[in-house]
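Participant: Sequence plus predicted model, see below.
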Amino acid sequence: MDNQPEEQVWQRVRLARHPKRPTAKKIIAELFPDFIELHGDRQFGDDASIIAGLATFHGVPITIIAQEKGTNTEEKIKRNFGMPHPEGYRKALRFMKQAEKFHRPIFCIIDTPGAYPGIGAEERGQAQAIAYNLFEMIDLKTPIVGVVLSEGGSGGALAIGVGDALFMLENAIYSIISPEGFASILFKDSTQAKKAAALMKLTAHDLASFHIIDGIIPEVPEGFQDDIPFTLKALDKIVWKSLQSLQKKSLTTLVEQRYTRFRKMGSFTESNE
């Protein structure tokens, strides 16, 4: 695709991080009013940065896994700013496996700057928890649909992002590292984040052109927070349509296509012409 202007890309980054942008809790409350939250990983504790539970969607039982950043200072601290610990990923996997057992499709809401990099998280096996989720999700025998709500950062996002269909809100970003981190590595200067963002191809339009995602959920020009019902209506429609399509496939076909989908990412062909 054509390169997007640097200022346009940075505006999308700013909208993805807008302080009034709705979080996963808002989507769950509006689209899944009968949601029942479940807790704990049965190993260490309950990580509030990941919400997991049961609901119905258009009359179909469904499991929901969501990363939650919080909407005010107190809640942001409680939710660790949406940066999960290993127990959060283990909780997510626990309920994904439950969904597989009871033949429930899974809906994942991705919204994290990345997995928590603290000492405690590393001591409790952060890297292993993420890797194990990837290993298990690629072979999970139930439909999995994901949506990148605002930020999808690195393995912290991918740990609940391996599935059969992935969508992004129009002003969401999805990348291996933050623009600030990318700028620090490439330019040795984090203040060059705007320039870095334009190089990273992290917008929904970039990733749709690379076939990393399956569709873009529209927002009004001012962002999701300016017209919540508009985006929620589009989100409801596209996720339901995707789930209906996936549920028609045999589990063998579903898993084979999911594996092929991820193996093809990043492949390219060189020409001598």
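Facilitator: Structure received. Keep in mind that this is a model prediction, so the values were computed, not measured.

Participant: element containing the residue positioned nearest the centre of the chain?
Facilitator: Closest residue to the average C-alpha location of the chain: I110 at 2.2 Å, with Cα atoms, centre = their mean. Counting by DSSP states H and E, the element that carries I110 is strand 106-112.

Participant: now for that strand, which elements pack on it?
Facilitator: helix 24-31, strand 60-67, strand 144-153, helix 154-158 (3 or more Cβ pairs under 8 Å, 6 or more residues apart in numbering; DSSP states H and E). To be clear about C-beta, it is placed using only N, CA and C from the backbone, and glycine gets the same treatment.

Participant: Tell me what angle the second one forms with strand 144-153.
Facilitator: To tie it back to what came earlier, the one meant is strand 60-67. Counting by axes from the mean of the first three to the mean of the last three Cα atoms, to 10 degrees, strand 60-67 lies at 10 degrees to strand 144-153.

Participant: ok, then the element right after strand 60-67?
Facilitator: helix 73-78.

Participant: Next secondary structure after that next one?
Facilitator: Counting by DSSP H and E, what follows helix 73-78 is helix 86-101.

Participant: Off-centre distance for that following helix?
Facilitator: Its chain's average C-alpha position is 15 Å from that of helix 86-101, according to Cα atoms, centre = their mean, to the nearest Å.

Participant: buried set for it?
Facilitator: 86-96, 99-100 (16 or more other Cβ atoms under 10 Å).

Participant: Quick check, H18 in contact with D226.
Facilitator: No: look at H18 against D226 with Cβ atoms under 8 Å: they stay out of range, at 9.3 Å.

Participant: quick one on the thing from earlier: in CSV: the helices and strands packed on strand 106-112, plus mean pLDDT.
Facilitator: Shown next, in CSV, are the helices and strands packed on strand 106-112 (pLDDT from 0 to 100):
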stretch, mean pLDDT
helix 24-31, 96
strand 60-67, 97
strand 144-153, 96
helix 154-158, 93
